[in-house]
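Undergrad: Model the structure of this input:
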Amino acid sequence: MRKDTVAVVAKKVAEVRKDTVAVVAKKVAEVRKDTVAVVAKKVAEVKKDTIAVVAKKVVEVKKDTIAVVAKKVADVRKDTVAVVAKKVAEVRKDTVAVVAKKVAEVRKDTVAVVAKKVVEVRKDTVAVVAKKVAEVKKDTIAVVAKKVVEVKKDTIAVVKTVDNKKVEKAKPTAVQSDTIAIAKVQPSTVNSQPSTVNRQPSTLQQDSFVVVKPQSKPAAVQPTTNNQQLTTDEEDRITREELLAALDSLAKLRREQERIVEYLTKRINKKPIEVFTYADSVTVEIFDSGIHDKDSVSVIYNRTLVVDKHELKVNKPIKFKVRVDKERRNNEMVIVAENLGTYPPNTAVMIITDKFGKHEEIMLSTDLTTNEVVIFIRIDKQADSNPTKNKP
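TA: Below you'll find the model as predicted:
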């Protein structure tokens, strides 16, 4: 009975144990399931909170980092800009100094060259003027000396005889205006040439005059009259006037050359218009184009002023004639505007005619900055029977 009881108890224990294990296992499974769910939930919540906190921290760190980096970049940029500006200022200062130095050197050299040229031109001009003045003075002195010798009031060529008997037997002498020499017998001799008297010697008194250099043909000595003296004074006055006129001409020529240089250097010459001709000269007529608006021009031909500030008219042309030099490659005519008139620019019509009947018209348009240029080219008629005609 004990054996059965033990068996029953064992069986009961086994069943209880089995049920207990199953219940415990079930409970453990349920607890584990709940624990896993709770843990997972907790982990999810913690992870979510952690991610939020980390993201927040990252955003804050990123924001702080960006601010720091931006500040650093701004500082670096500011320092870089300051350094670059300083470098640029230094380079600019050095460049300005170098350029100023170069400009000063070039200006100094230019001034030196211009001064040298001016000195040379002035020297040449002074030399030319001095030469001209010397020539004019020489000619004037020669003319005046000749006239003084001929008709000097205080040294009239008169033969006064001391001994009438001896003079009557003497042969008359001839006096030429260009070979006369006069001697006035005084304590001091004023003859410029030694005098020779071809007659018997006679006694000379203090107030006597002797006419020298006799000629082969006899001629009567004519006393000088007041009319002759007036003529001499008038000729002397004319000589002085001629000298002044020569000096005025030289001054005028110099002023014209300065104007020509100014026209050709301070204004731009347009493309030249070529005109071919067989003739050694051509006639040029310049009319105002269309309406008379009181514009005027000057014309320079081969560096010579041929028309000086003439007003253009519609019906009455500026007419002149120029020589076409065959030895020159180009005979250059420059038309310069002196003003623009009422209706700018300065417009004109140039008509060119030669002796062979060739007739050309050229339209001109100039202003205060540009010049029209016409080139005259003389060609050999045998070499080219049909010269190229100009197309204005």
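Undergrad: For residue 270, grab the count of nearby residues.
TA: Neighbourhood size, residue 270 [other Cβ atoms under 10 Å]: 15. For every residue, glycine as well, the C-beta is placed using N, CA and C.
Undergrad: Pretty sure it sits against residue 373.
TA: Yes. Residue 270 lies in contact with residue 373 (Cβ atoms under 8 Å); the separation is 6.0 Å.
Undergrad: Backbone torsions only: list them for residue 373.
TA: Backbone torsions for residue 373, taken as degrees, to the nearest 10, come to phi -130, psi 130.
Undergrad: Identify the residues contacting it.
TA: The contact partners of residue 373, taken as Cβ atoms under 8 Å, 6 or more residues apart in numbering, are 269-273, 332-335.
Undergrad: The same query, at a cut-off of 6 Å, please.
TA: Neighbour list for residue 373: 269, 272, 334 [criterion: Cβ atoms under 6 Å, 6 or more residues apart in numbering].
Undergrad: Could you measure from it over to residue 306?
TA: As judged by Cβ to Cβ, to the nearest Å, residue 373 and residue 306 stand 15 Å apart.
Undergrad: Pretty sure residue 336 sits in a strand.
TA: Yes. Looking at residue 336 with DSSP: H, G, I helix; E, B strand; the rest coil, it is inside a strand.
Undergrad: For residue 110, see how far away it is.
TA: With distances taken as Cβ to Cβ, residue 336 is found 26 Å from residue 110.
Undergrad: which among the contacts of residue 373 gets closest to residue 327?
TA: residue 272 (18.8 Å; Cβ to Cβ).
Undergrad: is it true that the closest one touches residue 377?
TA: No. Under the criterion of Cβ atoms under 6 Å, residue 272 makes no contact with residue 377, lying 10.2 Å away.
Undergrad: mind listing what's buried in stretch 252-262?
TA: Within stretch 252-262, the residues scored as buried using 16 or more other Cβ atoms under 10 Å are 256, 259-260.
Undergrad: Which other helices and strands does the host helix or strand of residue 75 contact?
TA: Element membership for residue 75, per DSSP states H and E: helix 2-151. Contacts defined by 3 or more Cβ pairs under 6 Å, 6 or more residues apart in numbering; DSSP states H and E place helix 2-151 against helix 226-266.
Undergrad: right, and the helix or strand after the helix it packs on?
TA: That would be, after helix 226-266 and using DSSP H and E, strand 268-269.
Undergrad: Please name every helix or strand in contact with the next helix or strand after that next one.
TA: Next helix or strand after strand 268-269 toward the C-terminus (DSSP H and E): strand 273-277. Secondary-structure packing of strand 273-277 (3+ Cβ pairs under 6 Å, 6+ apart): strand 370-378.
Undergrad: Swap in 8 Å and give it another go.
TA: With contacts taken as 3 or more Cβ pairs under 8 Å, 6 or more residues apart in numbering; DSSP states H and E, strand 273-277 sits against strand 346-354, strand 359-366, strand 370-378.
Undergrad: do you know which of the ones you listed lies nearest residue 315?
TA: strand 346-354 (12.2 Å).
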